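S.K.: how would this look folded up:
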Amino acid sequence: MNKALIVQIDSLSLDALQYAINNGYMPFVKNLADERWNLQELFCGLPSTTPASQVQLFYGLPLLPGFRFVLKKEKKVFASQYIDTFQLIEDGPYLKNVPGLLRNGRGIMSLFSGGSPRSLSVDRMKKDKIMLLRYGFFLLNPLSVLWRILRMMALAIIERAEQKKSKNTPFLPKGFSYLAYRMFHELFIGELGLFEVKKSIPTDEKIIYVNFTGYDELSHHYGGYSNFSMYYLSIIDLFIKQCYETIKKNNNERELMIISDHGFAPCIPVTEFLGTTIGQKIASFYPGKKIIEHKLEYKSDRLKESELYLLNSGGFCQGYYVKSELQVTRKDLEKEYPDFCKKASNISAVEFVLIKEKEPVVVKGGRTYDFSLGNASILFPLIEEKYHEALIKSLYDLMNGPYAPDVCIVAKILEKNKVVDFEPQLSAHGAFGGFQTQSFLLSQKPIFKKNSFPHMRDLHDYLENKINMPATATFESSQTHTGH
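M.R.: Numbering: from 1, shown residues only. Below is the predicted model of the structure:
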């Protein structure tokens, strides 16, 4: 393989992909699978969020502990949205000297640059006036205008039907404003990404990466298997077909690979389950203590005056004792908050609590266990055994990384494919349970053995070896950086 185009479908689990294929939503992807392309599950790691997964793909490092977390030394709350926050991580001490996977290529609608100065985030795209002007002329083509109008009409009809069917469902977007936003997103984000990909395919850039994000947002609001979410996958199917045809037309030996970054699990929001947020519940144990539960927004900001900061990423609640710049142990935390782990682990919406002594330990139902593979069946009673080792390693990385929380509270797993979520949404990702950690890889050539259980970092290593590294170079696997 000399060059590759990686198309990421944000938040699509292998199970949901197979559902979409079997029910006719993705006919082109189905044709690829029928042509004996290799479809395989890919473990995305924890947290099961786009930023964390993308860091592992681009840099081979399990670096981020959540969608939101605290940078203690910088006294800043990191919220994964704007380009300046991602630049802060890439320019920081842990990635600054790590060669990115895209250093000889380009990311399109990527959160991180991946080492490429030409990578485009959604935020950068909105600010690039020349690109938007060029794209505006492209949109004025009469046939493409008609096609978009018809597609938007279909979008409107399907969404109105979903809203009527789910009119009593909490957190569901209501009214025309959200529909207008979705239409804007399709025209100026989704197709702009496709426009840039088609321009990039004929170039000599080694790895082109593009992320299509609309399915993620729709699934949060409507569920990953809803008609509206599946309809969006039919649009992505057309995008993928156009990418494939552009590759064939240019005959530039670029291989197409289709991946996702994580999946979704049906959930019950914690406010429906407990009647309060998880932060409010914990604060009720310690009246008089300054505990802040970060508002579920996308804005990074300065730390407010507090002793304990709580930030939610789906089914993870990350706690930071901000009086100390270092990660504190259970003993240190419980000097300020007596029996914190026992009290938190006994909350009905909580599966278990992770915290450090010398090594991470887990508190479940008030009892303390060694955090080891031997206890995996106790910690993950509803999770298939094939995931146990990977989950233990990922949680270990999460609690030992440079931005690690002082304590991590994990939401309850209600059934194999249903969880409690600490955020107000109808489908969850961020933790594990259900299909949250289940991503996939669809490739023309076999990349991993059929009986293997590859990780996102394994895909990083493969692409480094096959595309970026000269034949005479030696490549140190990213696994050596994880502490295992």
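
S.K.: Dump the C-alpha coordinates for the helix or strand containing I378 into CSV.
M.R.: Using DSSP states H and E, I378 falls within helix 376-379. This file holds the C-alpha atoms of helix 376-379, laid out as CSV (Å, rounded to 0.1, in the frame of the first residue of the first chain):
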residue,chain,number,x,y,z
ALA,A,376,-12.7,-8.7,35.3
SER,A,377,-15.7,-11.0,35.6
ILE,A,378,-16.7,-9.1,38.8
LEU,A,379,-16.1,-5.7,37.3
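
S.K.: Can you list the buried residues in it?
M.R.: Neighbour counts using 16 or more other Cβ atoms under 10 Å place A376, L379 of helix 376-379 among the buried residues. Any C-beta I mention is one placed from the backbone N, CA and C, and that applies to glycine too.

S.K.: can you check stretch 383-398 too?
M.R.: Residues I383, Y387, H388, A390, L391, I392, K393, S394, L395, Y396, D397, L398 are the ones in stretch 383-398 that count as buried (16+ other Cβ under 10 Å).

S.K.: Looking at those, spot the one nearest P93.
M.R.: Ranked by distance to P93 (Cβ to Cβ), those are led by D397 at 17.3 Å.

S.K.: doesn't L64 make contact with the closest one?
M.R.: No. Judged on Cβ atoms under 8 Å, D397 makes no contact with L64 at a distance of 10.1 Å.

S.K.: Please enumerate residues in contact with the helix holding I378?
M.R.: With contacts defined as Cβ atoms under 8 Å, 6 or more residues apart in numbering, helix 376-379 is touched by F352, V362, K364, Y369, E385, H388, E389, L391, I392.

S.K.: Just these: which are in strands?
M.R.: Per DSSP state E, strands hold the following members of these: F352, V362, K364, Y369.

S.K.: Pull up the per-residue confidence for the second one.
M.R.: pLDDT for V362: 96.

S.K.: what's the distance between F340 and G430?
M.R.: Separation of F340 from G430 (Cβ to Cβ, to the nearest Å) stands at 21 Å.

S.K.: Repeat that for S260.
M.R.: From S260 over to G430 the distance is 15 Å, taken as Cβ to Cβ.

S.K.: repeat for S313
M.R.: To G430, S313 is 4 Å away according to Cβ to Cβ.

S.K.: so what sits against both of those two?
M.R.: Shared contacts of S313 and G430 (Cβ under 8 Å, 6+ apart): P47, T49, G66, F67.

S.K.: In the stretch 351-484 of the chain, what residue spans correspond to strands?
M.R.: Secondary structure of the stretch 351-484 of the chain by DSSP state E, counting those that start in this stretch: the strands cover 360-364, 367-370, 407-411, 413-415, 418-421, 427-428, 438-443.

S.K.: Which one, of those, ends up nearest to D301?
M.R.: Closest to D301 of the strands of the stretch 351-484 of the chain, according to Cβ to Cβ: strand 407-411, at 21.6 Å.

S.K.: Which two of the buried residues of stretch 383-398 have the greatest separation?
M.R.: Pairwise distances across the buried residues of stretch 383-398 (Cβ to Cβ) peak at 17.6 Å, for the pair I383 and D397.

S.K.: Now D458. Nearest residue, chain neighbours left out?
M.R.: Of all residues not flanking D458 in the chain, F448 sits nearest, at 6.8 Å (Cβ to Cβ, 6 or more residues apart in numbering).
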